[in-house]
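Novice: The amino acid sequence is not available; the structure is as follows:
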């Protein structure tokens, strides 16, 4: 079947540009723009039996701006942008733009051919979340464009060990301060940073550097701007007709009517379009929880139960399953990620087994528990240690991504480093926190700037504070990502409970947590098993005895308190010996030095004879 974006929108042909728009309840539709000096009288459109209006205009050429003037079912006249436009004017202008066929030549055939054969759940994934407009600012022209940013971004990600970049929404949006989360055009790249082919260049170059590209995608709601989708043909067309379901109260936006097949088709086509036409490696689906619950952010009397008398949104469930199946069929190997903040069951269970069908889910509970824990003074953390340990015990309940995202560094929350308690070495506590993140089962996501200790809260209209970067912290993050990628123990069984075992989580007096990561349940060799020990106190701990699974020498492969990271250099001199002294229910143990506010990782120096218990 011809994709929706090839059937609707504006397409240049031999007889002129063909315009097509779905407006089934409109009384009349006229297309107007640069080709008629915006007079809106020369080119009335013809209505088809399916509610699609069409016109062919010889004078309309690639690059010209246009809109639809719609006489709605209510008799009102509205000038609307094209919902299927593949290009748009740069805001604050709001017209659509006639796009030509892509002239870009891709060079990533090997990358895309390999993608369907990959197993992301068993591979390393360190994701760098970023906002294109504020990562770096050019000397003369403000934000770096898609092409300008390609080389420095790829080099930066590679040097810091990140495997993927997740772009905050670049779908065209009228208000920059929405950060892209209130989308005006679901098929157009934002012109703020260049053209669609410029964006293709960015993706292609990142692939050439071994970096996967994920895009934030927003199907839960859309803005009420007069030129956009709201009351498109004089009726609630894309949004719900039911006033109790029409709006998302948190954001002052309209909610999509996911019970209407044409709306579902529109959104699914958008998701497939971005993955297929721009070779994206996956989508992070925003605000899934707001779709799943009829009572989301609604009080008594503000929502209506489903036919069973409960609050599940059955239409959204069907849509999300169809979405994931459609993307998987059209773009094999593309990763679908849910931002889902509740305990909805089976988010990452396949659809043929009754789940929603996502590949990964953001573990927001883990994020809230960890950030609350490390924000406490070290001598007060014991009261929340159980919560942090609980997250480890349930780390395989879904296929998780562990996010420290843009939402955690705005609106007065501070940044990661400014969240740390006063009176301590904050950089040391950030290194410890990020080491815990990278050791914890699950894929990793970190918002830009947190890898080098950005102190000021993020703002979309200014550059990150590169001149104040903590180089030791940045080096520690790069080494964490490198170890995560190089050692199978730290990623191969992220989603399998057998890849994790406790060393100890009960020492609340010293606030020490220790656990094992392993590549399979019987792993006992260098790189196949890693012991991760975290001292969340602000005291150096000497001769700290901890049970280990096998005897012999173990290498200290990471110490976040090392001098090169900005620490004070206390450690184990690169090596420990696990001897036959029982401890913590194991036959072997070692006496460790645990630097204050630091993490130490160990792996066997030689293959031991015993098998992990």
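Specialist: Cool, the structure landed. What you see is a predicted model, and the numbers here were worked out from it, not measured in a lab.
Novice: quick one: the nearest residue to residue 23 once chain neighbours are set aside from residue 41, how far?
Specialist: Among residues not flanking residue 23 along the chain, residue 233 sits closest, at 3.9 Å (C-beta to C-beta, 6 or more residues apart in numbering). Bear in mind the C-beta positions are built from the backbone N, C-alpha and C, glycine included. As judged by C-beta to C-beta, to the nearest Å, residue 233 and residue 41 stand 20 Å apart.
Novice: One more: residue 372?
Specialist: 62 Å.
Novice: lowest-confidence helix or strand of the protein?
Specialist: Lowest by mean pLDDT, DSSP states H and E among the helices and strands of the chain is strand 142-143, with a mean of 66.
Novice: in the stretch 151-300 of the chain, which spans are helices?
Specialist: Along the stretch 151-300 of the chain, counting by DSSP state H, counting those that start in this stretch, helices occupy 196-208, 261-277, 288-292.
Novice: Any chance of TSV for those helices, columns mean neighbour count, distance to residue 411 and mean pLDDT?
Specialist: Compiled in TSV, those are given as follows (neighbours: other C-beta atoms under 10 Å; distance: least, C-beta to C-beta, whole Å; pLDDT from 0 to 100):
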stretch	mean neighbour count	distance to residue 411	mean pLDDT
helix 196-208	21	29	98
helix 261-277	19	28	98
helix 288-292	22	18	97
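Novice: Quick check: phi and psi at the residue nearest to residue 23.
Specialist: phi -110, psi 30 (degrees, to the nearest 10).
Novice: now swap in residue 592 and tell me
Specialist: When quoted as degrees, to the nearest 10, the phi and psi of residue 592 stand at phi -110, psi 150.
Novice: Show me what it bridges to in the sheet.
Specialist: Legend: beta-bridge partners of residue 592 under DSSP bridges are residue 544.
Novice: Residue 533 now?
Specialist: Going by DSSP bridges, residue 533 forms beta bridges with residue 514, residue 600.
Novice: Now for it: which residues touch it?
Specialist: By C-beta atoms under 8 Å, 6 or more residues apart in numbering, the contact set of residue 533 is 503, 512-514, 546, 592, 594, 599-602.
Novice: What about residue 343, how many residues nearby?
Specialist: 9 (other C-beta atoms under 10 Å).
Novice: cool, and residue 105?
Specialist: The tally of other residues near residue 105 (other C-beta under 10 Å) stands at 9.
Novice: And residue 347, by the same measure?
Specialist: 26.
Novice: Likewise for residue 394?
Specialist: 14.
Novice: any idea how far it lies from residue 125?
Specialist: Taking C-beta to C-beta, one finds residue 394 at 20 Å from residue 125.
Novice: Also residue 185?
Specialist: Taking C-beta to C-beta, one finds residue 185 at 30 Å from residue 125.
Novice: ok, the two, which is more surrounded?
Specialist: The residue with more neighbours, out of residue 185 and residue 125, is residue 185; 28 against 22, by other C-beta under 10 Å.
Novice: so who does the more buried one touch?
Specialist: 81-83, 85, 88, 96, 171-173.
Novice: Just list whatever residues bridge to the spatially most central residue of the chain.
Specialist: Computing the C-alpha centroid of the chain and ranking residues by C-alpha atoms, centre = their mean puts residue 284 first, at 4.7 Å. Beta-bridge partners for residue 284, by DSSP bridges, are residue 216, residue 337.
Novice: what bits of the protein have low per-residue confidence?
Specialist: 138-142, 522-527, 607-613 (pLDDT under 70).
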